[in-house]
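Asks: When you get a sec, could you give me coordinates for this:
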Amino acid sequence: MKKKLFLMLLIFVFLVPALTAYSMGSDTEGSIFRVPQTIMPKWDPAVGSDYASCIILINAYDSLVFPMPDGSVKPWVAESWKVSDSGLTWDFKIREDIYFHSGNQLTAKDVAYSMERLLEIGEGFAFLFFEYIDSVEVIDDFNVRFNCKTAYGPLLNNLICFYIVDKELLESKYGEGDYGEYGDYGRAFLLEHDAGSGPYIVDSVSTNISVGGSKFVDYWAGFEENVPEKFIVFASNDGVTVKTKMLRKELECTDMWQTTENIESMMERDKTLKLAYNYTGGGINLWMNNQRPPLDDKYVREAFGYLIDYKTVCEHILPDSIQKKSIIPSNLLGFVPIFNYEFNLEKAREALAKSKYSDTIKDMKIELIWNSESPDREKVALMIQASAHAIGLNVDIVELPWSTIVANAADVETSPMMALASITPRTADAADQFVSLLRSKEFGTWDNMNWVNDPVLDEMIDRSISIIDIDERAVAYGEIQKYCGERRIFVPIAETPERLVYQSSYVDLEPRIGLQGYSFYLRDIKVYPERRIK
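Replies: As a prediction, this is how the structure comes out:
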């Protein structure tokens, strides 16, 4: 009897701590932030640039400067900088207390290597730099110089999209590839790992399903209390699945693409769910292939501007939106309102009458693409189709997955005639959008599906970028918008806030930086697992 009592006591002594540890582990595991996106992110800084990818990039990596809510930037990896009078030389002083997830110290060599790698691979955000950066010079361990081919005014703002990788780590991970002595430049390794110094470490990857990570406890910039210990980004935003997981508390937040009906249904079922808003300047545009008939005629493009009921779009289909009045959103440097479109069938007819296709357009089929991951766009497409039919135009609506649209955009003949698409500002300087959306050199990418091919516009963009003075650059940006407005390059529809349903009972979500991906900058998010209702 005494022996049995002793054994029971012994088991109790060991079991209680184990149960306590399990409970603590469960609470820690509960400190997680899970969110869906439309596609699988690409977190190699020389490859990824879409919304989902930016979520991982901003959390796993550090940039030289960091964006502020007012559109300015503050010192980050670079604690200070100076630019030469010519605008050709930028010197950056690097902090000396930053370490990568590997334990390697971040130095000027890593900065130089990261830019060289980005420019050599030529994907992701390389378009912001490859034409302007001539070389990167390591002055000493913590001073680096960017030598520009020409004066580049937006450089400082664009550096928020330049993420620094661990040179020593990646050099030890080269596989076979197309980059000569650099092999694959570590691209295969970065499909399942990261090489950053950011606040979170990528440590859990399910190909085409999800990517997850954990807090980097030694992060140089530190953490406030209650930031998530872990995160998961899922590569699917199917409305039924998202709703089910939100109601089961298996997601902490939705993506920005959920339909109004799904949002309302979720919030009706669970009164603790709330909406968070982030006014990023993103939204929806009717992009037009300016080289494919009949959309090569500006009057045809203008006619479509009068076929959209903007009030219905902004109040019902995409609630809390405002009508977009220029080719760039109103939160970017140099914004000038140039469009005053209204829903007016008579004005649409008048525009078509001026077109070189006025006698034949009714016999032509015009294809309008919307991507299947954004169901609300189908409603806008149907609206345009119905309005077009009312004035005798034949608009054919086609649903395609985003990956197919991206692939088709590589060639002018396969690129959509028209597409409902959005682009969220990645920096507060409009140069990013002018270059990626409109300049001929960037043909073949999803965000350049307008195929403008205008040498005068190209020259205007190039000249504006060379202006260092910010006020002068803003004036030049205004001229670009007026020029595009006169030529009716595409139809801007709405600036739409990111509407994010989140678990308000145990999550604090208040986005503060209106740029792509920063709604999910995890250092700004708080999770309280003890409040979670099972």
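Asks: Next, count neighbours for G281.
Replies: Number of residues near G281 (other Cβ atoms under 10 Å) recorded here: 23. To be clear about C-beta, it is placed using only N, CA and C from the backbone, and glycine gets the same treatment.
Asks: Test my guess that it contacts T427.
Replies: No: judged on Cβ atoms under 8 Å, G281 makes no contact with T427 at a distance of 10.9 Å.
Asks: Quick check: D454 vs D50, distance?
Replies: D454 is 26 Å from D50, where distance means Cβ to Cβ, to the nearest Å.
Asks: Check V136 too.
Replies: For V136, the distance to D50 - Cβ to Cβ - is 26 Å.
Asks: tell me which strands and helices the helix or strand hosting M266 is in contact with?
Replies: Using DSSP states H and E, M266 maps to helix 260-269. The contact analysis (3 or more Cβ pairs under 8 Å, 6 or more residues apart in numbering; DSSP states H and E) places helix 260-269 against helix 239-247, strand 273-278, strand 498-503.
Asks: Which stretches in the stretch 1-150 of the chain count as helices?
Replies: 2-30, 51-60, 108-121 (DSSP state H, counting those that start in this stretch).
Asks: ok so, going back, out of D454 and D50, which sits in the busier spot?
Replies: D50 (22 against 17).
Asks: List the residues that contact the closest residue in space to that one that isn't next to it in sequence.
Replies: In this structure, D50 finds its nearest non-sequential neighbour in I39, 7.0 Å apart by Cβ to Cβ, 6 or more residues apart in numbering. Going by Cβ atoms under 8 Å, 6 or more residues apart in numbering, I39 touches D50, A52, A235, E373, W402, S403.
Asks: And the last one, how far from F343?
Replies: Spelled out, that is S403. S403 is 33 Å from F343, where distance means Cβ to Cβ.
Asks: the more surrounded of these two?
Replies: More crowded of S403 and F343, by other Cβ under 10 Å: F343, with 17 against 14.
Asks: Not counting sequence-adjacent ones, nearest residue to the more buried one?
Replies: Nearest one to F343, counting by Cβ to Cβ, 6+ apart, is D309 at 4.3 Å.
Asks: The one you found: neighbour count?
Replies: By other Cβ under 10 Å, neighbour count at D309 equals 17.
Asks: P319 now?
Replies: Neighbourhood size, P319 [other Cβ under 10 Å]: 16.
Asks: same deal with D91?
Replies: Other residues near D91 come to 16 when the count uses other Cβ under 10 Å.
Asks: Now do the contacts for it.
Replies: W81, K82, V83, I139, N143, V144, R145, F146.
Asks: Skipping adjacent residues, who's closest to the second one in space?
Replies: In space, and not counting its chain neighbours, K82 is closest to D91: 5.3 Å by Cβ to Cβ, 6+ apart.
Asks: for D363, same thing?
Replies: Nearest to D363 is N394, by Cβ to Cβ, 6+ apart, at 7.9 Å.
Asks: and what of M256?
Replies: Nearest one to M256, counting by Cβ to Cβ, 6+ apart, is E498 at 4.0 Å.
Asks: how close does the one you found sit to P36?
Replies: For E498, the distance to P36 (Cβ to Cβ) stands at 13 Å.
Asks: The stretch 301-450 of the chain: helices as residue ranges?
Replies: 310-312, 345-353, 376-390, 402-408, 431-438.
Asks: okay, the ones you listed, which one's buried deepest?
Replies: Highest mean neighbour count of the helices of the stretch 301-450 of the chain: helix 431-438, a mean of 24 (counted as mean count of other Cβ atoms under 10 Å).
Asks: contact partners of that one?
Replies: With contacts defined as Cβ under 8 Å, 6+ apart, helix 431-438 is touched by 127-128, 153-154, 157-158, 327-328, 332, 423, 425-426, 442, 445, 447-448, 450, 452, 454, 457, 461, 464-465, 473, 477, 480, 484, 489.
Asks: Check which element follows that helix along the chain.
Replies: Per DSSP H and E, the first helix or strand lying C-terminal to helix 431-438 is helix 455-465.
Asks: could you give the angle of the helix or strand following that following helix to helix 431-438?
Replies: Along the chain past helix 455-465, the next helix or strand (assigned with DSSP H and E) turns out to be helix 470-487. With axes from the mean of the first three to the mean of the last three Cα atoms, to 10 degrees applied, the angle from helix 470-487 to helix 431-438 works out at 20 degrees.
Asks: Please point out which parts of helix 470-487 sit buried.
Replies: Of the residues in helix 470-487, R473, A474, A476, Y477, G478, I480, Q481, Y483, C484, G485, R487 count as buried by neighbour count, 16 or more other Cβ atoms under 10 Å.
Asks: just stretch 52-62 next, same as before
Replies: Buried residues in stretch 52-62, counted by 16+ other Cβ under 10 Å: A52, S53, C54, I55, I56, L57, I58, N59, A60, Y61, D62.
Asks: so who does the first one touch?
Replies: By Cβ under 8 Å, 6+ apart, A52 lies in contact with Q37, T38, I39, M40, P41, V233, A235.
Asks: give me that answer again for 6 Å
Replies: Each residue near A52 by Cβ atoms under 6 Å, 6 or more residues apart in numbering is listed here: Q37, I39, P41.
Asks: Identify the residue spatially nearest to it, adjacent ones excluded.
Replies: Q37 (3.8 Å).
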